[in-house]
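>>> just coords:
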């Protein structure tokens, strides 16, 4: 359990980490993130002797991984932009919405059925988006991009027949050539920051690989040890930390309309979490009854 908890803590602290990578822009940070994540994951796969898993992957698997890589690139890029442009609260909103978007995508693409409370939570979240759109004068674009890009990423990952480590390596492997080409172009034009801002800045950009891989690996270990319902509850640690950083550290000011929209979203999250707890309790009672009968 401690591994999953640490993973969510690390993800929650990302708004404190990415500003350290400035003056690199969001796309440059994204490119470095893919390149250095590949370097870290290549070492891990070599140590675990799992390169064979990638060599044996089918063209269909590689196609799905390529699509997943595109969605996670959008997610990472939008998140870095949101954090480094003073929109941490909206980024947090995206991760409050994300589980509800995942449920909706499951209904649309996997023909899953919503429970009564899940229907209410999705409906309340839709009302919150409408309130934010009307009150702020625009839809919460960054939040929706984060929620839907990660939702589609999770949907595709369900169809990938690779381990978590091999899958992340494959995604980085696909995006790395584009990332390297972009970084080389920046260097040739003299607009890259990797070699222009000193050794400390270069090391910080290189650390983005470990910052990406470490929480994912911790989560992979922890997720195997705890029930899915516990993971469902723990995932809100990250946006709660991000929202706290936005308000108490970054000093972001939220208009009354945004507060209202966020409160409505939190109501939707509370309904969703209630559903998780009730289903977990029912499943536990059913398993206990089955053991007694057996």
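Ah, there it is. Please read these numbers as outputs of a predicted model, since none were measured by experiment.

>>> in stretch 152-170, what's buried?
The neighbour-count check on stretch 152-170 (16 or more other Cβ atoms under 10 Å) flags 152-157, 160, 162, 165-170 as buried. C-beta: built from backbone N, CA, C; applies to glycine.

>>> let's see which of those residues end up in helices.
Residues of the buried residues of stretch 152-170 located in helices (DSSP state H): 152, 153, 154, 155, 156, 157, 165, 166, 167, 168, 169, 170.

>>> just flag the most distant two among those residues.
Farthest-apart pair in those is 152 and 165; separation 21.3 Å (Cβ to Cβ).

>>> all helices of this structure, in order?
Under DSSP H, the chain gives helices at 2-12, 14-17, 26-48, 51-55, 59-84, 88-110, 116-136, 141-157, 164-189, 199-206, 208-223, 228-234, 237-244, 256-293.

>>> what about residue 6, neighbour count?
Per other Cβ atoms under 10 Å, the neighbour tally for residue 6 reads 16.

>>> now it: closest residue in space, sequence neighbours ignored.
Nearest non-adjacent residue to residue 6, counting by Cβ to Cβ, 6 or more residues apart in numbering: residue 218, 5.2 Å away.

>>> verify the contact between residue 132 and residue 144 for me.
No. With contact taken as Cβ atoms under 8 Å, residue 132 and residue 144 are classed as non-touching, separated by 9.8 Å.

>>> more crowded one of these two?
Set residue 132 next to residue 144 and count neighbours by other Cβ under 10 Å: residue 132 wins out with 25 against 18.

>>> tell me the contacts of the more buried one?
139, 140, 257, 258, 261 (Cβ atoms under 8 Å, 6 or more residues apart in numbering).

>>> make a PyMOL selection of the buried ones in those residues.
Burial among the contacts of residue 132 is assessed by 16+ other Cβ under 10 Å; the matching PyMOL selection reads:
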select buried, resi 140+258+261
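
>>> for the contacts of residue 132, which one is nearest residue 54?
Within those, proximity to residue 54 (Cβ to Cβ) peaks at residue 140, which comes in at 37.4 Å.

>>> the closest one and residue 254: what is the separation?
According to Cβ to Cβ, to the nearest Å, residue 140 stands 12 Å off from residue 254.

>>> cool, residue 211 as well?
Distance from residue 211 to residue 254, by Cβ to Cβ: 27 Å.

>>> looking at these two, which is more packed in?
Higher neighbour count among residue 211 and residue 254: residue 211, with 21 against 16, using other Cβ under 10 Å.

>>> who are the contact partners of that one?
Counting by Cβ under 8 Å, 6+ apart, residue 211 makes contact with 10, 14, 17.

>>> any weak-confidence spans in the stretch 101-250 of the chain?
Residues of the stretch 101-250 of the chain meeting the criterion pLDDT under 70: 223-224, 227-230.

>>> buried ones among the contacts of residue 211?
Here, 16+ other Cβ under 10 Å leaves 10, 14 buried among the contacts of residue 211.

>>> and of the contacts of residue 211, the nearest to residue 277?
residue 10 (25.4 Å).
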